[in-house]
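Enquirer: My questions concern the predicted model and sequence given below.
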Amino acid sequence: MAEDPGPPDSFVVELARSGRQVRVAADTTILQALLAVEPVDFQCLRGECGTCVQRVVAGTPAHRDTVLSPRAKAANKRIAICVSRSRTPVLVLDL
């Protein structure tokens, strides 16, 4: 089995509802990148509260939160955008 290369340094988040694409740099969170273009709910900025959790339409999250259960993380259908990243070059969110 091939070794998991881990998340890319930067990636694109696509907003499914508008089709808008936002580049997330290696030193930026998904939340920070999205806030530059539209309002998004958030609170703790530590991946603990769940306020910023969004539905994943396509792509594979790299979970770094403590709010989602192991089962939810394995399903890859939700992501805490304040701390988590993407394992794929494009991550499509239901926004």
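Expert: Arrived safely. Numbering: from 1, shown residues only.

Enquirer: From now on I want contacts and neighbour counts done on CA atoms only, so please keep to that.
Expert: Fine.

Enquirer: How many residues are close by the closest residue to Pro89 other than its chain neighbours?
Expert: Leaving aside its sequence neighbours, Pro89 sits nearest to Phe11 (Cα to Cα, 6 or more residues apart in numbering; 4.9 Å). As a burial measure, Phe11 scores 20 neighbours (other Cα atoms under 10 Å).

Enquirer: so what's Phe11 bridging to?
Expert: Val24 (DSSP bridges).

Enquirer: Pull the contacting residues for it.
Expert: Contact partners of Phe11, counting by Cα atoms under 8 Å, 6 or more residues apart in numbering, are Arg23, Val24, Ala25, Ser86, Thr88, Pro89, Val90, Leu91.

Enquirer: can I get those residues in a markdown table with neighbour count?
Expert: Converted to a markdown table, the contacts of Phe11 look like this (neighbours: other Cα atoms under 10 Å):
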| residue | neighbour count |
| --- | --- |
| Arg23 | 16 |
| Val24 | 21 |
| Ala25 | 15 |
| Ser86 | 25 |
| Thr88 | 17 |
| Pro89 | 15 |
| Val90 | 21 |
| Leu91 | 22 |
